[in-house]
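S.K.: Sequence and predicted structure, then a few things I'm wondering about:
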Amino acid sequence: MIVLSAEFVKSATQPSEYPAPGAREVAFCGRSNVGKSSCLNALAARKSLARVSRTPGRTRLINFFDLRVADDRRTREDEVRFADLPGYGFASGPKSETKQWQQMIEAYLTGREPLAALVVLVDGDLGAQPSDIEMVRWGESLGRKVITVATKLDKLSRSRRKQQIDKIAGRLAVPEVIAFSAKERFGVEDLWRALLVSQPQSS
Ligand SMILES: Nc1nc2c(ncn2[C@@H]2O[C@H](COP(=O)(O)OP(=O)(O)OP(=O)(O)O)[C@@H](O)[C@H]2O)c(=O)[nH]1
Ligand SMILES: [Mg+2]
């Protein structure tokens, strides 16, 4: 996949602030600090399109990014919009913030018309947490296409990766989990492929 352009569009907390519907959207969900922004940057092949931080709960708004991509032979171009969502499970955050998160995410996931797919990221080192299972079921119950990704897999030895992927797929009760690392940049093409299946093919 060749990324022709990638740019920040805007931040939003509520529907009135969302950008006007454009390309199909893909939302990145997952626990705080799991690597959502890093995953988005790896896909975009940009170092710091979305802000990455060691401090959990860095992304507090829904951040929208527009990308133009082409296949490796540049025979077809596509547009996609990424929505980087604030993470869940930030236990030390105040209760009111949790409620704010809930409202912000719920409004987006339930009401956003151009939303084509949800990427749910799971920490490949830690394994699937109850909140991850809840997130996957919630996305499915809304009728959204859910793509599951195990990230930070570079932390595991090669021999343990497959085993961990199978375990996470079992816990999440999904047929496929994409093995991913933003750090070592593997799984990027696999994830692009899964994303573009949820895109209309432009002629
Ligand atoms: N080893 C390793 N570290 C990673 C990977 N992806 C992200 N990280 C690290 O994990 C931390 C959090 O990454 P972010 O991309 O900011 O995570 P996030 O999910 O966007 O976090 P919030 O926006 O706070 O919810 C950073 O210190 C990253 O460098 C990965 O694939 N491998
Ligand atoms: Mg983030």
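M.R.: Nice, thanks for sending it over. Ligands and ions are numbered 1, 2, ... in the order given.
S.K.: Using CSV, write out every CA atom in stretch 35-55.
M.R.: Coordinates of each C-alpha in stretch 35-55 appear next as CSV, following Å, rounded to 0.1, in the frame of the first residue of the first chain:
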residue,chain,number,x,y,z
GLY,A,35,-1.2,1.7,20.8
LYS,A,36,-4.1,3.1,18.8
SER,A,37,-2.3,6.3,17.7
SER,A,38,0.8,4.3,17.0
CYS,A,39,-1.1,1.9,14.8
LEU,A,40,-2.7,4.7,12.9
ASN,A,41,0.7,6.3,12.3
ALA,A,42,2.1,3.0,11.1
LEU,A,43,-0.7,2.6,8.6
ALA,A,44,-0.2,6.2,7.5
ALA,A,45,3.6,5.7,7.3
ARG,A,46,4.0,8.9,9.2
LYS,A,47,6.0,9.3,12.4
SER,A,48,3.7,11.6,14.3
LEU,A,49,0.5,12.2,12.5
ALA,A,50,-1.4,11.2,15.6
ARG,A,51,0.2,12.0,19.0
VAL,A,52,1.8,9.1,20.8
SER,A,53,2.4,9.2,24.5
ARG,A,54,3.7,7.0,27.3
THR,A,55,1.0,8.6,29.5
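S.K.: so what's the most centrally placed residue in the chain closest to, chain neighbours aside?
M.R.: In the chain, the centroid-proximal residue (CA atoms, centre = their mean) is F28; its distance is 2.2 Å. Nearest residue to F28, sequence neighbours excluded (CB to CB, 6 or more residues apart in numbering): K36, at 4.3 Å. (Glycine included, C-beta is placed from N, CA and C.)
S.K.: follow-up on the earlier one: for the residue nearest to the centre of the chain, which three-state class applies?
M.R.: F28 carries the three-state label strand when classified by DSSP: H, G, I helix; E, B strand; the rest coil.
S.K.: May I have the beta-bridge partners of it?
M.R.: D84, V119 (DSSP bridges).
S.K.: what sits against L153?
M.R.: G124, D125, R161, Q164, I165, A179, F180, S181, F186, G187 (CB atoms under 8 Å, 6 or more residues apart in numbering).
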